[in-house]
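**Student:** got a predicted structure here, sequence first:
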Amino acid sequence: MAPAVAQLLYLLAAVCFILGLKWLSSPATAVRGVRLSSIGMVLAIAVTLFDRTILSYGTIIAGLAVGGAIGLWGAKTVKMTSMPQMVALLNGLGGGASLVVGSAEFLKSELLGEVLPVDVSITIQIALIIGAITLTGSLIAWAKLQEVMTGRAITFPLQKTVNALLFAAAVGLSAYQVSVPESVLWPFYVTAGVALLLGVLLVIPIGGADMPVVISLLNSYSGIAAAMTGFVIRNEVLIIAGALVGSSGIILSQIMCKAMNRSLANVLFGAFGATATQSLKSAEGLTVRQTTADDVAVQLAYAQSVIVVPGYGLAVAQAQHVVRELADLVEKKGGTVKYAIHPVAGRMPGHMNVLLAEANVPYDKLLDMDAINAEFERTDLVMVIGANDVVNPAARTDPASPIYGMPILNADQARSIIVLKRGMGAGFAGIENELFFNPKTAMLFGDAKKSITQLVSELKAL
Amino acid sequence: MAPAVAQLLYLLAAVCFILGLKWLSSPATAVRGVRLSSIGMVLAIAVTLFDRTILSYGTIIAGLAVGGAIGLWGAKTVKMTSMPQMVALLNGLGGGASLVVGSAEFLKSELLGEVLPVDVSITIQIALIIGAITLTGSLIAWAKLQEVMTGRAITFPLQKTVNALLFAAAVGLSAYQVSVPESVLWPFYVTAGVALLLGVLLVIPIGGADMPVVISLLNSYSGIAAAMTGFVIRNEVLIIAGALVGSSGIILSQIMCKAMNRSLANVLFGAFGATATQSLKSAEGLTVRQTTADDVAVQLAYAQSVIVVPGYGLAVAQAQHVVRELADLVEKKGGTVKYAIHPVAGRMPGHMNVLLAEANVPYDKLLDMDAINAEFERTDLVMVIGANDVVNPAARTDPASPIYGMPILNADQARSIIVLKRGMGAGFAGIENELFFNPKTAMLFGDAKKSITQLVSELKAL
Amino acid sequence: MRIGVPRETAAGERRVALVPSAVARLGKLGLELLVEEGAGTAAHVADAEYSAAGARLVPAGRAAAEADVLLGVQAPSDAQVGAMREGAALVALLQPAGASALLDRLSGRRVTAFAMELVPRTTKAQSMDVLSSQATVAGYQAVLFGASHLARLLPMLTTAAGTIPPGKAFVVGAGVAGLQAIATARRLGAVVSAFDVRPVVKEQVQSLGASFLDVEAVAAEAAGGYAGALDEAQQARVHAAVAGHIKDMDLVITTAQIPGRKAPRVVSAAMVASMRPGSVIVDLAADSGGNCELSRPDEVVVAHGVTILGPTNLPSTVSHHASVMYSKNVLTFLEYVIKDGALAVDLEDPIQGPMCVTHAGQVRYGR
Amino acid sequence: MRIGVPRETAAGERRVALVPSAVARLGKLGLELLVEEGAGTAAHVADAEYSAAGARLVPAGRAAAEADVLLGVQAPSDAQVGAMREGAALVALLQPAGASALLDRLSGRRVTAFAMELVPRTTKAQSMDVLSSQATVAGYQAVLFGASHLARLLPMLTTAAGTIPPGKAFVVGAGVAGLQAIATARRLGAVVSAFDVRPVVKEQVQSLGASFLDVEAVAAEAAGGYAGALDEAQQARVHAAVAGHIKDMDLVITTAQIPGRKAPRVVSAAMVASMRPGSVIVDLAADSGGNCELSRPDEVVVAHGVTILGPTNLPSTVSHHASVMYSKNVLTFLEYVIKDGALAVDLEDPIQGPMCVTHAGQVRYGR
Amino acid sequence: MIETLVASIVLFTLATFLGVELIHRVPSTLHTPLMSGANAISGITVVGALIVAGAGYGWISQVLGFFAIVFAMVNVVGGYMVTDRMLNMFKRKPGGTN
Amino acid sequence: MIETLVASIVLFTLATFLGVELIHRVPSTLHTPLMSGANAISGITVVGALIVAGAGYGWISQVLGFFAIVFAMVNVVGGYMVTDRMLNMFKRKPGGTN
Ligand SMILES: NC(=O)c1ccc[n+]([C@@H]2O[C@H](COP(=O)([O-])OP(=O)(O)OC[C@H]3O[C@@H](n4cnc5c(N)ncnc54)[C@H](OP(=O)(O)O)[C@@H]3O)[C@@H](O)[C@H]2O)c1
Ligand SMILES: NC(=O)c1ccc[n+]([C@@H]2O[C@H](COP(=O)([O-])OP(=O)(O)OC[C@H]3O[C@@H](n4cnc5c(N)ncnc54)[C@H](OP(=O)(O)O)[C@@H]3O)[C@@H](O)[C@H]2O)c1
Ligand SMILES: NC(=O)c1ccc[n+]([C@@H]2O[C@H](COP(=O)([O-])OP(=O)(O)OC[C@H]3O[C@@H](n4cnc5c(N)ncnc54)[C@H](O)[C@@H]3O)[C@@H](O)[C@H]2O)c1
Ligand SMILES: NC(=O)c1ccc[n+]([C@@H]2O[C@H](COP(=O)([O-])OP(=O)(O)OC[C@H]3O[C@@H](n4cnc5c(N)ncnc54)[C@H](O)[C@@H]3O)[C@@H](O)[C@H]2O)c1
């Protein structure tokens, strides 16, 4: 194959990656995005195989077969709930590959006694360090998520200083390696070792819940490592694809942090500061699952049946108009929305009626408890908006509870439950609500009106 | 200057252009965007001057001085209302520059008897053709906007065929030129002439109101011409900047078309089909100015004082809740919103009160005619929502009008007026309303609820 | 020139023709205002407010005798007419259609009389349009009146003591009063439907969030935006549609009128019988014949368990604001007809002309 | 076991203790239902509906004599008590506080009497809570009643006859009735403010779109979510704040109550005098002493031009829905106390205990 | 030679994609300034013009180069100035929270 | 040499900008699939691995190349498959208008 043709085909592969990434970020086109991106990958591999004067196909075929088989098997067998750790593992391997390629180039030149150009040397060192950090860092992330090791932040005194020193050491050794023309190998091994250690140390102080951000960041690193490899072997598709992943990965990490209302710095180094994470645990130590508006918006967009359970908080927030707007949007997207009115929701008889009538919610969508309770279990999504006591399962199960015996709305029977309230405040009865700790429940904290306004704009953007 | 340094500085210039373009597309950063982009330009020029072994600084200094002075003078003296034609003119010159540079390279090689590589030849031809089309096309656009020639579409029989033939001729001659090694000049001159003619012919069938789209498209062309020049002289910043402008210009043309609810094809070739543009002219031949939701949203975001004039159309559209939401948003952005209630707005006494009370608009924002009429002239923006007779100046000026003598809201005295209605339908009194033809007025057509919902999401996105 | 504001003499009339703010405005035009003592009491306006606004208080009965222009809400009593000066003017709701005796008496005293209900329903005259302003009040009050007679709640309420479904209200005749009734019933949370014979009204009804009872091929739009009478076939279709609809209604407000005719009969006795006991009908057309067969002017009729109210002067029960609005209408009219401190009667004027029922010893109404 | 539903004998009482849907539910439990002829007439429930639901119609007066459990809205007449069987049960609003004679008579006949107003205000008992259900109706009706007595319009209206500003309503005591009054006045378009001595109520008032009259350092929250009495300094501050606020009000609804005491006096005669003529006060506490100094139970007092209404039984004017809700409460109570077709009296029960005023010949109330 | 051509094509392609992604939703008030700003950037041909004019291959190059520089410079200077003037029309109002 | 380095830097810069612009607002449900998809793309090192392994410079290159290929292939194949599986979880519901 003529080099020019190969380069153009590489360019085509790069275009596949570009469009693939773009499409991946919208629900409607995501599937198409992966497909196109994988086509690009096949193309890149094929071009490489045909283009270069490959001397030993044996190793290559074996490698491709073994790697492909493992990947296939892993992807088929992994459980849906273990996806994040799977991605961590795959990412680590990607970093490992860069590390190995860099090492191979380096060792080859050393063995052949070649003197590498400075820029190649530099980029080899960068690929090496980043690849190593990605490898061990990802493995730690995997271990934390898989609960092979504790998900808690692991800190020790002077941790930041140690990390900084190690990083300086790695950089220093690399510089030494590059500047010394004669063939010395020890700085190379030490650099690799230090970088591998650094990967471990950088990730252990980060809590298990923040791992997705870390993985995304490491993913970005492995992109950069790939790009560096590209510099080394002068290959454009590696540079482009690597840089793409490098920058989009950082953006994605930032988006993820924003969705958690944190900064990237806070995620990465938060464990060293005051651990100000609010405790959202029940008396029995259960924790609630927090969610974000864009997430709920996607759920709403895909839910076929939605029930809104309004409560006193809806009235306090004066969210009746926006709720109506949200419901209209959901219906436009093809879902149905009903309102489940508990007889004592709010603070006066008919409180919810007054509000929802003001917002012109059609009367036939307001169903009282008896009319709607059987429907919950057939419902995709329940949105509990500022209600608390009226959906508290303790009324059914806990004879000691002051609300024991009060009939409640069966919100807990729905397939998925979203609760909108400001925090973990109790309702009128002043008691804890185990519904919030239900694994099917996700909490969207904030003033109900603000939250719903956000939901509306997220849903519109989808 | 070392070539590598020059190239890196060119890259920096390209980055300036990238960020400059990006920032230009948001109101908050636009000013910064132009500045950065112009810094990039200065950088690119400086690098060129220092890098190449410039033999004759005389011509260059003279050229820079003359061109800069003309540009400065033109930009300072042009009237704000003539901006579009100014841009057309500048764009034409840009295309002209590409044409001249291409010609110079071509003539040089012919004179020196050099044989150009095929790719350079090809790109020279492309630069030539596109540059020529841009030059004359832009000049025609300028002439149409400046009303030097008629703004109407100029068509003649077989126009499309002629254009196609001319285009084929230009391409054919170029191909011939490239493929014939010996020095012939006539195909070059003929190609240039045909392309210049083509520029004229392509633009004359397009109506004056669509010129901005055409200019944007020609701007995109001149970007491509610049990129081709870059191919010719092997200069990266030319390629990058040219491609950037080339693609973003096309996107911008599309956005502009979308804002006019047209397709690009319809704009370019619309004159040949049935001219289906709806007539929005008054009996006296005045035309209304149509606007779009994103435009109104920007105005709302920057208006300090807004008065909403609701009318019967608001009731018909049941837009009371969304109006309230829009007003809340405007106030959040720092503007004030008041409602001007005409005594006979709607179809029953107090019609507007009923609706706005339902949407919980605070009573102190509802001002009756006597209370608010003096405020209009101090108001940045009036939004007339489904009102008609109550803002019809004929009541003041036209004794023959059935509404003569009825006091009206002085909406026409505001600095800017937006009217939301479905079309040019009359109100209760069944008469035409000259307010709609006021130069300060822009019409946002569509059901009021839909329009306002759109405004809300546009305003949120700003 | 003297403007006289009497204390209303008609039974049950609580409004007053001019309120102090209007008195002050007229005073600025150089007019002299005479207000009878106690004229505003029933409308909750004190004599002191009138004096403060610049009026001269006169004993009851004196306004008619002294005024050049006598105002009034309802027609003056015979005594008042007798006391009026020759050539004086009169502005009030004179109900000229059935009042030829009054008109004769007025022309006998060469009074220039303007009947406020005859103000043309044109855009320009809207601010003098007492029919609209008083109908607004009537439509609002009709719903309050009906709802407080109802043995049911109008809004939907989901409570620990069960769910109360929303009440159903039905408005017949969606003119000024009918639309206001729709709006008020909607405010109270009722599910509102309406019927009218003018098809343009459908959109107006819907613009208030109510539904419209469509009857095929019924349209009786007459000149000036008023309704006309229906032919027999149309009447039959309306009858069938209303009968089918009305039996589920809790509150029915009827406001149908055809100018110059007996009010159309829309609700028959059989329809009343089909309704649930405890429902309420408010017939605003009771004194022009009634939209409901069983309504009697100013009586509370209970038939088949349904309460049928026929109030004839609801605006008067909202005496204060009804007076404020009436006064604003009269003020606008006076400002229109008074030029340079004197009445400028112009029988060719598109507004004065139709309103003037007697002038220079002639009865003009009906000629 | 036989359940008896009498025709109410108290003057002006239009409600009925059980409506047909509840009759049917109890029938399913195997109980025999006796309903006096005409028991539901005033609540617009026909005898035929009761029979259709499975009740046996008995002549007036017979229910007391035949029933094992006699229901009622108000306390039974002496004759009814006399006719009751020994050991029978009674469920009604007995107003035990001022009714020791009645209680003695009931215990004399060994009647087990449950006073519905004594149902504890706990979450669990909410569906038996007649105070809440009837207060809901009263709060709604108080606004309609007040508004239709008002010489003004409540909603803001911008019309060709001038702009009517929105009416101002003030609700004193934001308990169940007060909150409903707030909601209803808001529906009608009034600008609503409210005052209560319990600070928690502020948020509830605001959640209905009304504003709260803040008085510094006033808080009197007693057990069970009820209010307590204020000390003198607090009282003085409240007086000053209310006096400053009330003079601009068009409609005042007072609902303040302190359990077991005379209703607090919130609106003084001087305050009434400061209000605009034509305004209206509706005092829902009139029969427990009145929140307004000038109110008289069931009378219309006009003082200083202000109309003061003191309705004592507003729920009865909304007879049908008030009965539906009352009946639902009673039904829930009966389902709670009846086990296997017989009354299971349990004086230790947290709900029955407080409600049972006489049992086995003993008066338990007040012991 | 062909190598540099391919490299140029790669650059052109990437920059084209970048141009597409850069412009998303532009309020129509910014359409003209954006167009004008982009137009100024397309004046980058001035670099080409400089190279042609500076190469000193004789009078044709000189003359053509001169005109190319003048044209391109008018485009550049005029374009930026005009854009700036347009943007000065909308200054942020004080007091907004965004 | 240095020329190609600069060319590589130019490419890297452009692609970096492009990466930044490509990702805008991603619903959080797509965060993991997107991350996983991007991760699969970073498996492009497989190209490097192939070149290293195929060059045939002796056993070290062979062995290291083999492992590099295996690692990278697992990353690529696993990455795409996993992403696809995740995306299959949300299929559009029928009847929606968007
Ligand atoms: N209906 C009646 O007649 C009546 C009368 C008296 C008492 N009650 C009692 O009131 C209760 C009613 O139950 P419910 O479920 O409606 O209400 P609830 O149990 O009182 O719970 C209301 C919840 O809303 C949340 N909230 C408050 N303000 C909010 C805001 N601005 N945005 C978002 N969330 C907000 C609060 O949590 P955060 O603080 O965490 O946000 C609170 O947990 C029952 O216990 C009932 O017995 C009813
Ligand atoms: N207030 C009263 O008591 C009363 C009573 C009777 C008559 N009137 C008369 O009614 C008139 C009131 O004036 P006005 O300015 O309120 O109304 P108007 O003059 O009747 O004009 C209403 C305008 O709204 C537009 N429209 C209708 N539906 C719409 C929708 N869904 N979305 C957006 N626009 C819509 C219509 O234009 P398109 O068709 O182009 O959309 C129409 O031009 C006066 O002439 C008055 O005299 C008033
Ligand atoms: N141009 C203006 O400025 C102006 C001013 C005031 C009123 N108007 C218009 O004048 C019209 C009449 O108003 P009005 O309230 O005085 O009317 P009205 O009192 O004469 O009649 C009330 C309503 O009853 C309806 N009606 C008549 N016969 C009926 C029947 N058999 N069944 C059902 N409905 C029947 C009429 O159509 C009318 O809507 C309205 O449309 C109003 O908008 C216009
Ligand atoms: N847990 C439950 O399920 C449940 C059920 C029913 C009622 N409740 C609660 O019980 C409380 C009492 O309700 P209610 O309506 O029967 O009360 P109520 O009729 O006893 O009193 C009415 C209101 O008057 C107020 N008040 C007393 N003195 C006052 C004064 N001097 N000035 C102003 N206001 C004064 C009280 O605070 C109360 O809000 C309410 O808060 C209600 O929510 C709770």
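**Tutor:** All right, it came through fine. Numbering: from 1, shown residues only, chains lettered A, B, ... in the order given. Ligands and ions are numbered 1, 2, ... in the order given.
**Student:** now the helices: where do they sit in chain E?
**Tutor:** Under the criterion DSSP state H, chain E carries helices at the ranges E:2-22, E:31-42, E:45-54, E:59-73, E:79-89.
**Student:** now the stretch 201-350 of chain C
**Tutor:** Applying DSSP state H, counting those that start in this stretch to the stretch 201-350 of chain C gives helices spanning C:201-207, C:232-246, C:269-274, C:314-317, C:319-337.
**Student:** nearest to chain B among those would be which one?
**Tutor:** Ranking the helices of the stretch 201-350 of chain C by distance to chain B, with Cβ to the nearest Cβ as the measure, places helix C:201-207 first at 3.5 Å. C-betas here are computed from N, CA, C, even on glycine.
**Student:** just the buried positions in the closest one, please.
**Tutor:** Within helix C:201-207, the residues that qualify as buried by neighbour count (16 or more other Cβ atoms under 10 Å in any protein chain shown) are C:201-202, C:204-205, C:207.
**Student:** any chance of TSV for the helices of chain E, columns mean neighbour count and mean pLDDT?
**Tutor:** As requested, those are arranged in TSV below (neighbours: other Cβ atoms under 10 Å in any protein chain shown; pLDDT from 0 to 100):
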stretch	mean neighbour count	mean pLDDT
helix E:2-22	22	85
helix E:31-42	30	88
helix E:45-54	30	85
helix E:59-73	24	87
helix E:79-89	22	85
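**Student:** among the ones you listed, which comes closest to C:Ala151?
**Tutor:** Ranking the helices of chain E by proximity to C:Ala151 (Cβ to Cβ) places helix E:31-42 first, at 64.2 Å.
**Student:** for that closest one, packing partners?
**Tutor:** Judged by 3 or more Cβ pairs under 8 Å, 6 or more residues apart in numbering or on different chains; DSSP states H and E, helix E:31-42 is in contact with helix B:3-24, helix B:30-51, helix B:83-112, helix B:211-233, helix B:236-259, helix E:79-89.
**Student:** show me the contacts for C:Pro277.
**Tutor:** C:304-306, D:44, D:46 (Cβ atoms under 8 Å, 6 or more residues apart in numbering or on different chains).
**Student:** so where does A:Leu268 fall, helix or strand?
**Tutor:** A:Leu268 is part of helix A:264-269, with elements assigned from DSSP states H and E.
**Student:** ok, then the element right after that helix?
**Tutor:** helix A:293-302.
**Student:** tilt between that next one and helix F:31-42?
**Tutor:** Here the directions of helix A:293-302 and helix F:31-42 differ by 100 degrees (axes from the mean of the first three to the mean of the last three Cα atoms, to 10 degrees).
**Student:** so where does A:Val178 fall, helix or strand?
**Tutor:** helix A:159-179.
**Student:** now do that helix: distance to the chain's middle.
**Tutor:** 30 Å (Cα atoms, centre = their mean, to the nearest Å).
**Student:** do the next helix or strand after it and chain F come into contact?
**Tutor:** Note on helix A:159-179: by DSSP H and E, the next helix or strand toward the C-terminus is helix A:186-203. No - where contact is defined by Cβ under 8 Å from any Cβ of the partner chain, no part of helix A:186-203 touches chain F; the two come within 12.4 Å at best.
**Student:** show me the contact partners of helix A:186-203.
**Tutor:** Contacts made with helix A:186-203 from outside it, assessed by Cβ under 8 Å, 6+ apart, are listed as A:99, A:103, A:106, A:110, A:125, A:128-141, A:144, A:159, A:162-163, A:166-167, A:169-170, A:173-174, A:176-177, A:180, A:214, A:268.
**Student:** I'd like the helices of chain E laid out as JSON lines, including distance to A:Asp412.
**Tutor:** Supplementary listing: these in JSON lines, determined by distance: least, Cβ to Cβ, whole Å:
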{"stretch": "helix E:2-22", "distance to A:Asp412": "45"}
{"stretch": "helix E:31-42", "distance to A:Asp412": "52"}
{"stretch": "helix E:45-54", "distance to A:Asp412": "68"}
{"stretch": "helix E:59-73", "distance to A:Asp412": "71"}
{"stretch": "helix E:79-89", "distance to A:Asp412": "56"}
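**Student:** hang on, the earlier thing: helices and strands around the helix holding A:Val178, which ones?
**Tutor:** Counting by 3+ Cβ pairs under 8 Å, 6+ apart, the packing neighbours recorded for helix A:159-179 are helix A:118-145, helix A:186-203.
**Student:** so for the longest one, what gets flagged as buried?
**Tutor:** Buried residues in helix A:118-145, counted by 16+ other Cβ under 10 Å: A:119-145.
**Student:** and of the helices and strands packed on helix A:159-179, who's closest to C:Ala229?
**Tutor:** Comparing the helices and strands packed on helix A:159-179 under Cβ to Cβ, the one sitting nearest is helix A:118-145, at 81.8 Å.
**Student:** give me every residue in the stretch 201-350 of chain A lying close to ligand 4.
**Tutor:** The interface of the stretch 201-350 of chain A toward ligand 4, taken as Cβ under 6 Å from any ligand atom, is made up of A:Arg347.
**Student:** any regions of the stretch 201-350 of chain A where pLDDT drops low?
**Tutor:** Flagging of the stretch 201-350 of chain A using pLDDT under 70 yields the residue ranges A:259-261, A:270-286.
**Student:** equivalent analysis for the stretch 51-200 of chain C, please.
**Tutor:** Across the stretch 51-200 of chain C, not a single residue meets the criterion (pLDDT under 70).
**Student:** run through the helices of it in chain order.
**Tutor:** C:62-66, C:78-83, C:100-108, C:130-149, C:176-187.
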